[in-house]
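Colleague: The following comprises the amino acid sequence and a computationally predicted model.
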Amino acid sequence: MKAAGAFLAIILALVLLTSGCLGNGSSKEAQTTSSVPPISVDTPSSGSGGLSSQQPHSSGQFKIGSWAYWLQNASPEVIAESGFDLVVIDYSRDGSDETAYTREEIEKLRKAGVIPVAYLSIGEAEDYRFYWNESWAKNPPEWLGPENPEWEGNFAVKYWSDEWKRIVFAYLDKIIARGFSGVYLDKVDEFEYWSDKGYDENWTAREMIDFIIEIANYTRSKAGEDFLVIPQNGERLLEYDDGRLLKVVSGWASEDVFYDGLRPSPWRDEKISLLDRVAEAGKLVLVVDYVDDGTESPENMARIRDFVERARRGGYVPYAARADRELDELVVIPGVQPPTGR
C-alpha cells in the first residue's frame, strides 16, 4: 500500500509540473512585474527600443516620461504643444508680479496634459523678485548674506531665519494660487556654503532638511497630497537624512550629472551614488545636463544621445539643455526629446 501511494504521489507531481500549476521562473517573474506599486519608478529598458522606449515614472497621480526646464520668458502656448510631460518654469516671465503667469495660463497647461512645476530658490534671495526691498542694498537684514559672484543679483540667505521662511511661504501661496502642480526647489545646497563660512555642516544640513519638510507639509496642506516637491542639486543632504527627507520629497533633480557642459562631469560618480538612493526608493529623478551646443553636428548629436541613454539606463528622466545655461528656450530635438508616444 505504501509503495502504491508513493507511486501515485509521483504521478500527481508529474501532472502538476507539466500543466504549469507548480509554476516556474518565468511565470513568477510575470506575476511580479504585473503588479506595480502606486508610487514607483520603472527602470527603462536598455534594449533595442531606442530613445523612444522610455517608460513613464509614477508619482502620485502623475505619469512622467519626459520633462523640460525653461525659466526665461517661457511661453505656455509653446509648452502646451510641445509633448513634454512635466515642465519647470518660473512663477512669472521676468520674476516680477506684473508678469506672473495667470491661473488660466497654468490651467491650459494642465488641460494639455502638461504638469506645471514652479521654480523657487530657497537658499538665495533674488533682487528682481516681488519680495525684494531696495533698502536692503544699504541696510541688509541679518539673514541676508553676500551676493553670489557667479550670479548677479542673487544673495545667500540664512534659510533657517523665520523672516526668510515667511517670505518663502508667502511665495508658495502665490504659486499654489496660480494652480501649479508642484515646486522645484533650487539652492538647497546652500547648506554647504554656510558650512564653508564656519557653521557646523551637520547643523546647516539638518536645518535645510527641516526647511524642505516644512515646505512639503505646508504646500500639501493647501494643495493636496499629490503636490510635487522636487529639490535640485545638494544631493549630499541625503547623507545627513534620517529617512524623513527621502520619504517626503517627490523626487530629486540634478544638474551636470554625466556632462559638465560639453565635457564629462567630474561629479558623476558622487551624484549617481546619491541619486540612485532616490530612484531605489521609488522616487522620480530628473537630470539636466547642458550638452547641446545648438548645432546638428554628428559630435553634438552623439553627445546628446549618450547623455540621454546613460540617464535612462540609470532610471532617470533626462533633459538635454543648451550649453549656454540660459534656460531661455524649450529644447525640442526630434527623435530624442521629448520621446515619442507621450
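Modeller: On my side now, so go ahead.
Colleague: Doesn't residue 321 lie inside a helix?
Modeller: No - under DSSP: H, G, I helix; E, B strand; the rest coil, residue 321 falls outside any helix and is assigned strand.
Colleague: What residues does residue 97 make contact with?
Modeller: The neighbours of residue 97, taking C-beta atoms under 8 Å, 6 or more residues apart in numbering as the test, are 130, 174. Where C-beta positions appear, they are placed from N, C-alpha and C, glycine not excepted.
Colleague: can you pull out the helices in the protein?
Modeller: 2-19, 25-34, 76-80, 103-111, 162-178, 190-196, 201-223, 244-248, 268-280, 298-313 (DSSP state H).
Colleague: so which of the ones you listed is the most packed in?
Modeller: When you average the neighbours per residue for each of those (mean count of other C-beta atoms under 10 Å), helix 190-196 leads with a mean of 19.
Colleague: which strands and helices sit next to that helix?
Modeller: Contact here means 3 or more C-beta pairs under 8 Å, 6 or more residues apart in numbering; DSSP states H and E; on that basis helix 190-196 packs against strand 154-157, helix 201-223.
Colleague: switch the cut-off to 7 Å
Modeller: helix 201-223 (3 or more C-beta pairs under 7 Å, 6 or more residues apart in numbering; DSSP states H and E).
Colleague: just the CA coordinates of the helix it packs on, formatted as PDB?
Modeller: Taking Å, rounded to 0.1, in the frame of the first residue of the first chain, the C-alpha atoms of helix 201-223 are listed here in PDB:
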ATOM      1  CA  GLU A 201      27.700  71.300   8.400                       C
ATOM      2  CA  ASN A 202      25.700  68.800  10.500                       C
ATOM      3  CA  TRP A 203      23.600  71.700  11.700                       C
ATOM      4  CA  THR A 204      23.300  73.500   8.300                       C
ATOM      5  CA  ALA A 205      22.300  70.300   6.600                       C
ATOM      6  CA  ARG A 206      19.700  69.400   9.300                       C
ATOM      7  CA  GLU A 207      18.200  73.000   9.000                       C
ATOM      8  CA  MET A 208      17.800  72.600   5.200                       C
ATOM      9  CA  ILE A 209      16.300  69.200   5.600                       C
ATOM     10  CA  ASP A 210      13.800  70.600   8.100                       C
ATOM     11  CA  PHE A 211      13.000  73.500   5.800                       C
ATOM     12  CA  ILE A 212      12.200  71.200   2.900                       C
ATOM     13  CA  ILE A 213      10.000  69.100   5.000                       C
ATOM     14  CA  GLU A 214       8.200  72.200   6.300                       C
ATOM     15  CA  ILE A 215       7.700  73.300   2.700                       C
ATOM     16  CA  ALA A 216       6.300  69.900   1.700                       C
ATOM     17  CA  ASN A 217       3.900  69.800   4.700                       C
ATOM     18  CA  TYR A 218       2.800  73.400   4.100                       C
ATOM     19  CA  THR A 219       2.100  73.100   0.400                       C
ATOM     20  CA  ARG A 220       0.300  69.700   0.700                       C
ATOM     21  CA  SER A 221      -1.900  71.000   3.500                       C
ATOM     22  CA  LYS A 222      -3.100  73.700   1.000                       C
ATOM     23  CA  ALA A 223      -2.900  72.000  -2.400                       C
END
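Colleague: Could you check the angle it makes with helix 162-178?
Modeller: On the basis of axes from the mean of the first three to the mean of the last three C-alpha atoms, to 10 degrees, helix 201-223 is oriented at 30 degrees to helix 162-178.
Colleague: Output the contacting helices and strands for helix 201-223.
Modeller: Under the contact definition 3+ C-beta pairs under 7 Å, 6+ apart, helix 201-223 sits against helix 162-178, strand 182-186, helix 190-196, strand 228-231, helix 244-248.
Colleague: What mean pLDDT does that helix get?
Modeller: Averaging pLDDT along helix 201-223 yields 98.
Colleague: Pull the distance from that helix to the chain's centre.
Modeller: Put simply, helix 201-223 sits 16 Å off its chain's centre (C-alpha atoms, centre = their mean, to the nearest Å).
Colleague: Which one of the helices of the chain has the poorest average confidence?
Modeller: helix 25-34 (a mean of 29).
Colleague: Residue 136: neighbouring residues, count only.
Modeller: Other residues within reach of residue 136, judged by other C-beta atoms under 10 Å, total 13.
Colleague: give the contact list for it.
Modeller: By C-beta atoms under 7 Å, 6 or more residues apart in numbering, the residues touching residue 136 are residue 144.
Colleague: what's the answer for residue 154, then?
Modeller: 124, 126, 147, 148 are the contacts of residue 154 under C-beta under 7 Å, 6+ apart.
Colleague: Look up how far residue 276 lies from it.
Modeller: Separation of residue 154 from residue 276 (C-beta to C-beta, to the nearest Å): 30 Å.
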